[in-house]
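**Q** sequence and predicted model, in that order:
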Amino acid sequence: MFHAGLSTAEKVTNVSGRGVGMDVVKTNIEKIGGNIEVKSVTGKGATFTITIPLTLAIVAALIVGVEDQRYAIPQVSILELVRIASDSEHTIEYINNNPVLRLRNRLLQLVFLNELFGIEKTKETEHSNINEDQYVLIVQVGSYYFGIVVSEVFDTQEIVVKPVSPLLQGINVYAGNTILGDGSVVMILDPKGVILRKGEIDLTDRGAEDLNDRKTFAEDLTSLLLFKAGDEAPKAVPLELVVRLEEFDVKDIEHSHHQSIIQYREQLMPLIPFDQYGGIPQEGTVAVLVFSNGEHFAGLIVDQIIDIVEERVELKMQSTTDDVYGTAVISGHATDVIDADHYIRHLFPKWGGAENRKVSASKKSVLLLGDGVFFRNILGTLLRMEGYQTQRADSLAKALRIIEQGHIFDAVIQDFDSTTSFDSDDTGSLKRFLECHPLLLLTEDGNLPQGGRLYGEGLCCGKEDRGMILRAISELIEQTQREAA
């Protein structure tokens, strides 16, 4: 394709058919140190990838301030901007002395640029509180998300990236420098270098997670919150189910109808001691895991929050009680993975779905089709806790790739709202695949919407009813097995 003289035109004219177009493109890109690649799949199309050195690029960048210093950060890496203030919804929390930001049920590690570069605070900011007038840039590097904390945000500009001085080339936090319109020189930060400079993250492992997800079910990672309560044995709860981590003064706890409660976000939130025998201490503060079902808050009082980890959860021992999923080895210790809904359901009987939600999964495999927040953050975790093996396809391309690889599933769960683009499959492979598998279609209200389709043996269920989802998928699999027998 890139050879001089190659042409697919039927006729040679003054403007086409001479076979020099792609040859010129390739030659000029290589002159500036770049390269061009093409990947083609018969009947599907071609993908062209052009790579040029960053030092020759014009990029959109966000200009930020840290004390009296200014920096530029490429906008392509920035997902969103969050303001931290005393009157804002978001605050900076600490877990084991590590600053984190909770954003939509996800804990993000934070990097303070002033601490990273050793910039001293000015007289105006030396007495400021950590949660007063700061900004967090939510940044993605590969599959890893974290926040960069700055004190000011100025504007966005199209900047010309210039190479850094040879004296600074060994410092990986800098991607280059640029001259702004006012003549000032600012350094361009490399988000990957920033998090690597922090020295606590191995991005190579993170980058391999997607590949492991495609190759095997067993590599599913689950974010877990570790805590202690009642005894010294560590316990864990899926992090995605925890809305917030709070610490309350015992003096603020009230009582009504033999129930401990606290005023929380314009509601009365019931507090449930994990250790039913220990109760609530008479003085000091208590650590509370806050849960929500969209209508109510409920707090689980624990003794100590230990850490947040990402582990492949494999239950080594099944539980004989309803309050524990089972026991797994987490961070080298035998840890009970608890079912937090069990402790809350006696106050709110419909919490987390209907009663008797426990099902026997016996290592059944489930394919999750969708990219909604519920799919990403909660459903996969719940299914793995119940013993299912899961794999998720968040795009039509990934779904087709899984089908081509010949994976076999016991059932498929599809999020209708985030898979409307899947109907663009011209090959019909996805339709034929769904016709051969039990399908559970999740919608907002549990009804089949206009344009929705159920292939073969299928059910429709509301995505907010976790208990119903677990029962429905179990019944679908059992029904299919009975019919096959």
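**A** Perfect, I can see it now. Numbering: from 1, shown residues only.
**Q** tell me which element the closest residue in space to Pro238 that isn't next to it in sequence falls in.
**A** Setting aside the residues directly before and after it, Pro238 is nearest to Thr381 in space (CB to CB, 6 or more residues apart in numbering), at 4.4 Å. Quick note: C-beta positions are derived from backbone N, CA and C, even for glycine. Using DSSP states H and E, Thr381 sits within helix 380-385.
**Q** likewise Lys235?
**A** Using DSSP H and E, Lys235 falls in strand 234-238.
**Q** tell me the mean pLDDT for that strand?
**A** When pLDDT is averaged over strand 234-238, the result is 88.
**Q** go on, stretch 194-202?
**A** Stretch 194-202 carries an average pLDDT of 70.
**Q** my guess is Asp336 contacts Lys235, does it?
**A** Yes: with contacts defined as CB atoms under 8 Å, Asp336 counts as touching Lys235 at a distance of 5.0 Å.
**Q** the two: which is more packed in?
**A** Neighbour count, other CB atoms under 10 Å: between Asp336 and Lys235, Lys235 has more, with 23 against 19.
**Q** circling back: burial measure for the residue nearest to Pro238, as a count.
**A** 21.
**Q** that one contacts Glu240, correct?
**A** Yes: counting by CB under 8 Å, Glu240 is a contact partner of Thr381 at 5.3 Å.
**Q** hey, what's in contact with both of the two?
**A** Both Thr381 and Glu240 are contacted by Ser223, under the criterion CB atoms under 8 Å, 6 or more residues apart in numbering.
**Q** shaky segments in the stretch 151-300 of the chain?
**A** Within the stretch 151-300 of the chain, the ranges that satisfy pLDDT under 70 run 169, 199-221, 294.
**Q** is Leu430 in a helix, a strand, or coil?
**A** Here Leu430 is helix, with the state taken from DSSP: H, G, I helix; E, B strand; the rest coil.
**Q** re the thing from before, what lies in contact with the strand holding Lys235?
**A** Residues contacting strand 234-238 (CB under 8 Å, 6+ apart): 222-229, 274, 289, 302, 306, 328, 330-331, 333, 335-338, 340, 378, 381-382, 385.
**Q** narrow these to just the buried residues.
**A** 222-229, 274, 289, 302, 306, 328, 330, 335-338, 340, 378, 381-382, 385 (16 or more other CB atoms under 10 Å).
**Q** partner strands of the strand holding Lys235 and their direction?
**A** Using DSSP bridges, the strands paired with strand 234-238 are strand 222-228 (antiparallel), strand 333-338 (parallel).
**Q** I'd like these laid out as CSV, including distance to Ser365.
**A** Output for these, formatted as CSV (distance: least, CB to CB, whole Å):
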stretch, distance to Ser365
strand 222-228, 16
strand 333-338, 20
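**Q** for Leu369, find the nearest of the ones you listed.
**A** Among the strands paired with strand 234-238, strand 222-228 comes nearest to Leu369, with 19.8 Å by CB to CB.
**Q** kindly export the closest one (C-alpha atoms) in CSV.
**A** Taking Å, rounded to 0.1, in the frame of the first residue of the first chain, the C-alpha atoms of strand 222-228 are listed here in CSV:
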residue,chain,number,x,y,z
THR,A,222,-12.2,-7.0,43.1
SER,A,223,-11.6,-3.9,45.2
LEU,A,224,-12.1,-4.7,48.8
LEU,A,225,-12.2,-2.6,52.0
LEU,A,226,-10.5,-4.3,54.9
PHE,A,227,-11.6,-3.6,58.5
LYS,A,228,-11.6,-5.1,61.9
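**Q** quick one: it to chain centroid distance?
**A** Chain-centre distance of strand 222-228: 16 Å, with CA atoms, centre = their mean, to the nearest Å.
**Q** contacts for it next, please.
**A** So strand 222-228 is contacted by 107, 234-240, 242, 245, 287, 289, 302-313, 330-331, 335, 337, 381, 384-385 (CB under 8 Å, 6+ apart).
**Q** element containing Ile138?
**A** Following DSSP H and E, one finds Ile138 within strand 134-141.
**Q** can you give me the buried ones in that strand?
**A** So, applying 16+ other CB under 10 Å, buried residues of strand 134-141: 134-139, 141.
**Q** for stretch 405-417, same thing?
**A** For stretch 405-417, burial by neighbour count (16+ other CB under 10 Å) applies to 409-416.
**Q** what sits up against it?
**A** The contact list for stretch 405-417, computed with CB under 8 Å, 6+ apart, reads 214, 364-372, 374-375, 379, 391, 434, 437-444, 449, 452, 463, 469, 473, 476-477, 480.
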